[in-house]
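Undergrad: Here is a sequence together with a model predicted from it:
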Amino acid sequence: MKMETPLQRAWRVRIKPHSVWAKLNLVAKRIWQDRVSYLMAAPYVLAFVTFILLPVLGAIGLSFTFYNMIETPRYVGLMNYIYLFTEDDVFMTHVLPNTFTFAVIVGPGGYLLAFLLAWVIAQLPRRIRTVFSLALYTPSMAAAVAMSTIWLVLFSGDRVGYLNSFLLGLGVITEPINWLHSTQWLMPVMIIVTLWSSMGVGFLAMLAGILNVDPQLYEAGKIDGVKNRMQEIYYITIPSVKPQMLFGAVMAIVNTLQAGAIGVTLSGQNPTPNYAGQLILNHIDDFAFQRFEMGYAAAISVVLLIIVYISSKLAWALFGPKEGE
Amino acid sequence: MRRLFNLPTGVVIMCMILALYCIPVSGAVPYPSYSFDAWGQPVVCPAPYAPIMMLDGFDILQEDRWSLTGYSVVPFSQPSGLAVDLKDHLYIADAGNNRVVEYDSQFNYVRSIGDSSGPGRLSRPQGVFVHEDGRIFVADTGNNRVAVFSHEGEFIQAYGKPASQIFGTDYRFAPVAVAVDHRGTLFVATEGGYRGLVQLAASGEFLGFIGGNQAGFDLLWVLKQIFFTEEQLSREARRVPRSPSSVTIDRQGLIYTTTISTNNGQIKRFNIGGVNTLPEKDYGAWYFRTGVSMFSGVVVNDQGLITAVDTASGQVYQYTPGGDLLFVFGGRGIAAVERMGVIHQAAGIAMRSDGTLIVSDSRSNTLHVFQPTEFANLVHQAVYLFEEGKYDESAEYWREVLRRNSNFDFAHRGLGMAAYQNEEYHEAMKHFYLAQYADGYSDAFWWARRAWLLEHFDTVIMILFCLWIGYQVINRLFLRHRPKKKRDWYQANRLLGDLMHAKAVITSPSNGFYDVRWSGKGSWLAAVVIVLLAFATKLFTLYYTNLVFMSVDRNRINLTYEALTFILPWLIWVIANYLVSALKEGEGHFRDVFIASSYALVPYILIMIPLTIISNVMTNYEATVYHFFHNVALLWCGLLFFIMVYTVHNYEVLEAIPNCVLSVIMMVVLGAIGGLVIGMTFNVADFALGLYKEVIFRVF
């Protein structure tokens, strides 16, 4: 029998270290013992700390300060947050409502669309399937180009814009609508364009998930009494691709809340006309890089982070693995 | 000679005026007057205008070769358009007599304009306008021209049909009304002028059309255009926009038109660019209307107050410069009795600088003169200050108005705006609530809420933080490691168990409804309780939703009506669905449909009660949140109804769709039959009662 080291013995009998030093010593010894594992994890941990954890912590720290990029940050406590929720009229009257409207429609809408299209494409023969999935994925890659060639022309504000011309011809409207600069229409246009380009990574993940479902399951389902495609989706496809759907949901949430460029690109202005298409990210951009109030911008970012966190929790609650699964 | 004859009538009229000025005009008037609440419902109010006299033109003497005296009395015949000049002289386009009559500010006859022959002869003139330089423009309908007379009544020139190619050769030019701006540009409303007002330069050059109405979008017409052949299309009646029926201009040069035979945008206010600056809405009062509005005349005073007259109802409508309806008064006479202030067929309207209104009646050939009451003057003054943005100054007038008529909702709006301007947001909320003015209430509440947050933000954050910490502590210490045991409510109480089965239904509807059908879950009593709870929720939302999101007038909620529109449709749905499914091989019993349908209402209860409570701290800016959850509640219920149909009856999913559609159709049929039966029963009961009374009366 191999001899037990003191450390292993301490581990086994759970000796309580007598002093703090002894405790630290014990921890250090344990770390040293697992040094290979730590070495393996080091590159990732270093990169994570440097590029993600430190900036996030830095932002949280900055959010309690007044910082204009020239002077040293000055600690102001909760002032930034208080200002955000009480004094910042633009945030409360435009940015938050806009973000909510946008997220509520684009989030679930884009998610459903991605799932349905992924399912439809999965039914196609292999060769066509590749073409179609590429075609549907393209908008999320080449959004900027498509924006200027398709949407800006379609929603052009003069009477030769496609949509205006069509509606004028029908007699639905009598004078051209300036879709991209009217406070009433900018948000719907933003939503349509974002929905169009929402077949992103989440879509690809779900497509892969659906293609991965074991065909035997469907056969078994048929034997057990599945009568139509609806039941097939509900009882077999969805439970099988649950992990991918969770991923898609989280991606959808993050993408919708991070969307910001769309309103600015469509209207060509920042801030958007009368704040009609102002989302949280535009607001951060406005304060960070136009007014250089970094502390305040950091506070908004933290609020956005909290919102994303809560939404993701919600997605976990809905799609995450339950007990016993 | 002329003066001699004129004197007595003049004296009589003077006496009349004096007498009437002395009589308190707030006394009985022969018509009801209304103001309007925020929901568009008429509220009876003190008369804003009282009739003070009637002019019939029997004081007009014209030379007559055949008469013994050399003169004869020629009263009005179809008086149409009216105009008032800067000296308050009144001009009447007396269409039936081919003349324009001038009265002075005391309503004495001054002269008739229009020559008996030559180029100055008028034919059926329907409109008249007096320019600020004194020239008189007459819409000489019968002669297809606009005739211009000097201040002394001499014919100067005429504007005939424009020769411009753009005007078109087959487009008619029969002016019915004319207005002239200070540069001398004419705006002419013509008979059947569907392209809008004809705009003529002082030189007579055609400048273009302005202020045309739109034909609007018509799906049927679009379909016809797609599917019909050329020949078929040519047989269709032409769809042309409605033409403006009258025109006037205000001191700023804004052009006002009225349009007949429409219930939307009857009154329009165009700037010189031809853009309508009044909201496109219904300017009539649907409450009084039997057919369509026929606004035939409009007048604007220096304060921008718009007054128009509706031929269809004989009523005079008065609006604020923003287009909000202030008053409606007047009305058509029932019999052909001429009575002061009762208008049979209104044709034109004019207003003097002192606010006196004159309305022409082309059927009884009279003019009715109305004088504003003290109440109306107060309202006008308040509205003027209100529209100028001087809310604070208008406040005292509004208070005075409320003292005279506490039902005048607009006054509360004014007081609310005054308080809002002074940053007294709670006061503003109170007034806006009384006025039921949702947008104002929302804004005032937003500021009040902001002030509250500003004061209590750190407290709120601290409380939230403590709650979170507390929750975490309790969760970690006590709850997390305790084994979760499922509580069986059926052991506690049968009814409670049935009610708690709703939880199973909304979390996994298929299983939940399956248990209702095959495991005997749910009971009649529980179902009735749930439906009553849902109805209570409905009432709760009606009474306690924030004003901002209210779609009905809280003061007019009728319990019977609400019950009939909530519980009855639900009951009919249950019956209809059961009947349809029984025919279509559904397996559900009546009991199952009844109970399952009640469970389908549960999401409504669960979402709407918290939402209604939360709505009270929301404003217009959070409207999306409210509507989102409201729609979620409705969609969820709808989905449950659908799942209920195919689970309880053991249908395929696709089979359930036609079943639902048929059920809805069945609901309509049942509703119609029910209405018929109820109506018949009432008739029979009425007959029996009548018979009984008759017998009692005759026999005893």
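TA: Thanks, I have it. It should be emphasised that the depicted structure is a prediction, and the values quoted were computed from it without experimental measurement.
Undergrad: domains for the chain, by residue range?
TA: As the question left the chain open, I've gone with chain A. As given by automatic domain parsing, the domain ranges for chain A are A:1-28, A:86-319.
Undergrad: my bad, chain B
TA: According to automatic domain parsing, the domains of chain B span B:30-230+B:237-372, B:389-484, B:489-686.
Undergrad: rewinding a little: worst mean pLDDT among the domains of chain A?
TA: Looking at the domains of chain A, the lowest mean pLDDT belongs to domain A:1-28 (a mean of 73).
Undergrad: pull the longest helix from chain B.
TA: Longest helix in chain B, counting residues (DSSP state H): helix B:653-699.
Undergrad: what's the spacing between it and its chain's center?
TA: Distance of helix B:653-699 from the chain centroid (Cα atoms, centre = their mean, to the nearest Å) equals 33 Å.
Undergrad: Report all helices and strands that that helix contacts.
TA: helix A:229-232, helix B:559-583, helix B:623-648 (3 or more Cβ pairs under 8 Å, 6 or more residues apart in numbering or on different chains; DSSP states H and E). Just so you know, the C-beta spots here come from the backbone N, C-alpha and C atoms, and that holds for glycine as well.
Undergrad: hmm, 6 Å instead?
TA: Here helix B:653-699 touches helix B:559-583, helix B:623-648, going by 3 or more Cβ pairs under 6 Å, 6 or more residues apart in numbering or on different chains; DSSP states H and E.
Undergrad: buried sites along the shortest one?
TA: To tie it back to what came earlier, the one meant is helix B:559-583. B:Phe566, B:Trp570, B:Ile572, B:Trp573, B:Val574, B:Ile575, B:Ala576, B:Asn577, B:Tyr578, B:Leu579, B:Val580, B:Ser581 (16 or more other Cβ atoms under 10 Å in any protein chain shown).
Undergrad: Can you give me every residue that contacts B:Leu357?
TA: Shown in contact with B:Leu357 (Cβ atoms under 6 Å, 6 or more residues apart in numbering or on different chains): B:Met351, B:Phe370.
Undergrad: Next, work out how far apart it and B:Glu652 are.
TA: Separation of B:Leu357 from B:Glu652 (Cβ to Cβ, to the nearest Å) stands at 70 Å.
Undergrad: likewise A:Val36?
TA: A:Val36 sits 60 Å away from B:Glu652, going by Cβ to Cβ.
Undergrad: out of the two, which sits in the more crowded spot?
TA: Neighbour count, other Cβ atoms under 10 Å in any protein chain shown: between A:Val36 and B:Glu652, B:Glu652 has more, with 12 against 8.
Undergrad: which non-adjacent residue is nearest that one?
TA: Nearest non-adjacent residue to B:Glu652, counting by Cβ to Cβ, 6 or more residues apart in numbering or on different chains: A:Lys227, 6.0 Å away.
Undergrad: ok, how many other residues are close to that neighbour?
TA: With other Cβ under 10 Å as criterion, A:Lys227 counts 12.
Undergrad: again with B:Ile113
TA: When neighbours are counted by other Cβ under 10 Å, B:Ile113 comes out with 25.
Undergrad: Could you double-check that it lies in contact with B:Gly153?
TA: Yes. In this structure, B:Ile113 is within contact of B:Gly153 by Cβ atoms under 6 Å, at 4.6 Å.
Undergrad: picking up where we left off before, any chance of CSV for the domains of chain B, columns mean pLDDT?
TA: Shown next, in CSV, are the domains of chain B (pLDDT from 0 to 100):
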stretch, mean pLDDT
domain B:30-230+B:237-372, 88
domain B:389-484, 88
domain B:489-686, 90
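Undergrad: For A:Ala41, which of those is the nearest?
TA: Closest to A:Ala41 of the domains of chain B is domain B:389-484 (Cβ to Cβ; 28.1 Å).
Undergrad: quick check, that closest one touching chain A?
TA: Yes. Counting by Cβ under 6 Å from any Cβ of the partner chain, chain A is contacted by domain B:389-484 at B:Arg450, B:Leu453, B:Leu454, B:Phe457.
Undergrad: Can you say which of those are buried?
TA: Buried, going by 16+ other Cβ under 10 Å: B:Arg450, B:Phe457, out of the residues of domain B:389-484 next to chain A.
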